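> Just a sequence and a predicted model for now, questions to come.
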Amino acid sequence: NLSDKLDKAFHILKGHGKITEVNVAETLKEVRRALLDADVNFKIAKDFTTKVKEKAIGQDVLTTLQPGQLLVKLVKDELTELMGGDVVGINLSGNPTVILMSGLQGSGKTTFSGKLANYLLTKKNKKPLLVACDIYRPAAIQQLYVVGDSIGVEVYSEPENKNPVEIAENAIKHAKANGFNVVIVDTAGRLAVDEEMMNEIERVHKAIQPHETLFVVDAMTGQDAVNTAKTFNERLNFDGVILTKLDGDTRGGAAISIKSVVNKPIKFVGTGEKMDAIDVFYPIRMAERILGMGDVVSLVERAQEQFDEDEARKIQKKIAKNEFGFDDFLSQIQQVKKMGNMKDLVGMIPGASKAMKDVEIEDDAFKHIEAIIHSMTPIERSKPALIDVKRKARIAKGSGTKIEQVNQLMKQFEQMSKMMKMMQGPGGKNLMKMMGG
Ligand code: GDP
Ligand code: MG
């Protein structure tokens, strides 16, 4: 599913101590593939990754301590934005407030009408009336009665009348006369969009002038959902989208595409058949769900809190002047350590505990590195080039490590310095910008 795929994409970054623009590009390519697999429209997925890439470069992702995590956060923020950013509630003005349900048959209109009535009754202190305008199947009217009974909400119907416009108008009169302050009009839907159905709902819409016209769509229908949304929006200019059947393993891709294509907010989601399986749509939560990030968000927030910007700036200056040494390396390690216990951190990354099962994580993974650096003289720390074989042997002995471990650290340090220098070349605009150059 999408979460697994994105997990894999981000894994490309997690494994790397160093991040290059190539890494970022590769990861975003995977992100795009994952979005496409989840039925997100091609152009939307492409625009999305382009935008994230631009932001990543603008925000110096490459020069931060935890570039992978910052990229995860960028992707999440952008995804949240794509799905509407803020929560948009329903308009409850008007007395009574008239709400019209639209959508294909089986999308979940009748079920959602009940859920919404129940929500308004129990959470918003309203007195709702349910109206049966699906006059083609007697079973449909019956279904609304069952729903209404289960939540203690009155249902208005005229089984002998075959004109949904009249029924809806009469229901509003009935509501006014009997103190109902919300009227929820459930309508008929065909299996696919057809002219007759569209004309009918358009007539009802025009006659009752609803305060809220909601388009109900089955999240499991993927790309089709987008086309249906487009058609209904052209005819009804609806106010919001209800995404049903988001329970279980449903892909969230439709949410992204629909919002982008019709530019209407998703207002609620349905997450089950029961009357309380309704949730206000939070774009940020949906983004998290799509990314399958779980605790990663808080992890990233922690990283950002702990990341000492002044320290970073100081180090960037040293790199620029070719003065980056082991003392700076040590201070970077201390920054990372401030974020917490390595085992905890790894455990917070989805999929990482699986991937890391063969790797023994020490409680203090940096213990040896710190010991080695502490065994170096100040001169050695600031001029690592001085460290020859003889000095290495002394350092190993002093730190209680093996000479191979010293060699390994020297190699890591060399690679890191090389990468840092590279970032000051033509591809290092970010670094220069960060330094105010
Ligand atoms: P309508 O034809 O648009 O009125 O759709 P219904 O409300 O009759 O729903 C069609 C089917 O989908 C029914 O079996 C509902 O129980 C089911 N359904 C509706 N909403 C949800 C949901 O959020 N989750 C799940 N799992 N099933 C739902
Ligand atoms: Mg129905």
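Happy to help now that I have it. Ligands and ions are numbered 1, 2, ... in the order given.
> Run through the residues of this protein sitting next to ligand 1.
For the chain, the contact set with ligand 1 under C-beta under 6 Å from any ligand atom comprises 103, 105-111, 189, 244-245, 247, 270-273, 277. For glycine as for every other residue, the C-beta is placed from the backbone atoms N, C-alpha and C.
> Point me to the residue of the stretch 101-250 of the chain nearest ligand 2.
Relative to ligand 2, the nearest point of the stretch 101-250 of the chain is T110 (3.2 Å; C-beta to the ion).
> my guess is that residue meets Q142, correct?
No - with contact defined as C-beta atoms under 8 Å, T110 does not reach Q142; the gap is 10.4 Å.
> and the two? which has more neighbours close in?
T110 (25 against 14; other C-beta atoms under 10 Å).
> buried sites along the helix or strand where the more buried one lies?
T110 is part of helix 109-123 when elements are defined by DSSP states H and E. Of all the residues in helix 109-123, those buried under the rule 16 or more other C-beta atoms under 10 Å are 109-121.
> Just give the nearest non-adjacent residue to K176, would you?
Spatial nearest neighbour of K176, excluding adjacent residues (C-beta to C-beta, 6 or more residues apart in numbering): P96 at 6.6 Å.
> The one you found: neighbour count?
P96 is flanked by 23 other residues according to other C-beta under 10 Å.
> So for the helix or strand where K176 lies, mean pLDDT?
K176 belongs to helix 164-177 when assigned by DSSP H and E. Helix 164-177 carries an average pLDDT of 98.
> One more: stretch 371-383?
Per-residue scores along stretch 371-383 average to 91.
> ok, and for it, which residues are buried?
Result for stretch 371-383 [16+ other C-beta under 10 Å]: buried residues A371, I372, I373, S375, M376, E380, R381, S382.
> Work out for me the element the fifth one sits within.
With secondary structure defined by DSSP H and E, M376 is part of neither a helix nor a strand.
> so who does it touch?
F326, I387, I395 (C-beta atoms under 8 Å, 6 or more residues apart in numbering).
> try 10 Å this time
By C-beta atoms under 10 Å, 6 or more residues apart in numbering, the contact set of M376 is 325-327, 330, 382, 384, 386-387, 391-392, 394-395, 398-399, 406.
> What's the end-to-end length of stretch 92-108?
Using C-alpha to C-alpha, to the nearest Å, the end-to-end distance of stretch 92-108 comes to 22 Å.
> Go through it and flag the buried ones.
Neighbour-count burial for stretch 92-108 flags 92, 96-105, 107-108 (criterion: 16+ other C-beta under 10 Å).
> Compute the distance from the centre of that stretch to the centre of its chain.
Computed by C-alpha atoms, centre = their mean, to the nearest Å, the chain-centroid distance of stretch 92-108 equals 27 Å.
> what's the closest non-adjacent residue to L36?
Per C-beta to C-beta, 6+ apart, closest to L36 is A45, 5.2 Å.
> Tell me the confidence at the residue of the stretch 101-250 of the chain closest to ligand 2?
T110 is assigned a pLDDT of 97 by the prediction.
> With F10 instead?
On the pLDDT scale, F10 is placed at 62.
> ok, back up a step: which residues are common contacts for T110 and Q142?
Overlap of the contact sets of T110 and Q142 (by C-beta under 10 Å, 6+ apart) consists of A132.
> Point out where the chain drops to low pLDDT.
For the chain, the stretches with pLDDT under 70 are 1-23, 38, 59-69, 248-252, 289-313, 315-316, 335-365, 419-437.
> can you list the domain ranges for it.
The chain resolves into domains spanning 1-85, 97-281, 308-437 when parsed by automatic domain parsing.
> sorry, back to before: ok, the contacts of M376 vs ligand 1, which is closest?
L330 (54.2 Å; C-beta to the nearest ligand atom).
> Next one: the residue nearest to K176 from F180, what distance?
6 Å (C-beta to C-beta, to the nearest Å).
> Between these two, which contacts overlap?
Common neighbours of P96 and F180 (C-beta under 10 Å, 6+ apart) are K126, K127, P128, L129, A171, I172, H174.
> from memory the fifth one sits against I208, does it?
Yes - the pair A171 and I208 qualifies as a contact (C-beta atoms under 10 Å) at a distance of 8.7 Å.
> Mind listing the shared neighbours of those two?
Among the neighbours of A171, those also in contact with I208 (C-beta under 10 Å, 6+ apart) are V98, V131, C133, V183, V185.
> Nearest to ligand 1 among these?
Minimum distance to ligand 1 across the shared contacts of A171 and I208 is 11.0 Å, recorded for C133 (C-beta to the nearest ligand atom).
> For that closest one, which residues are in contact?
Going by C-beta under 10 Å, 6+ apart, C133 touches 100-101, 140-141, 144, 156-158, 163-168, 171, 185-188, 200-201, 204, 208.
> Tell me the buried residues within these.
Buried among those (16+ other C-beta under 10 Å): 100-101, 140-141, 144, 156-158, 164, 167-168, 171, 185-188, 200-201, 204, 208.
> and A139, helix, strand or coil?
Put simply, A139 is helix when judged by DSSP: H, G, I helix; E, B strand; the rest coil.
> burial measure for it, as a count.
Neighbour tally, A139, other C-beta under 10 Å: 8.
> A171 versus that one, what's the distance?
Distance, A139 to A171, by C-beta to C-beta: 20 Å.
> And for N125?
In terms of C-beta to C-beta, N125 sits 21 Å off from A171.
> S107 now?
Taking C-beta to C-beta, one finds S107 at 22 Å from A171.
> Quick check: the gap between I256 and ligand 1.
Taking C-beta to the nearest ligand atom, to the nearest Å as the measure, I256 falls 18 Å from ligand 1.
> Secondary structure element for that residue, which one?
In the assignment (DSSP H and E), I256 maps to helix 253-262.
> my read: K397 touches Q405, true?
No - applying C-beta under 10 Å, one finds K397 not in contact with Q405, separated by 11.8 Å.
> Counting neighbours, go ahead and name the busier of those two.
When K397 and Q405 are compared for neighbours, Q405 comes out ahead with 18 against 13, by other C-beta under 10 Å.
> show me what contacts the closest residue in space to that one that isn't next to it in sequence?
Leaving aside its chain neighbours, Q405 sits nearest to H368 (5.8 Å; criterion: C-beta to C-beta, 6+ apart). Going by C-beta under 10 Å, 6+ apart, H368 touches E362, S399, G400, T401, K402, Q405, V406, Q408, L409.
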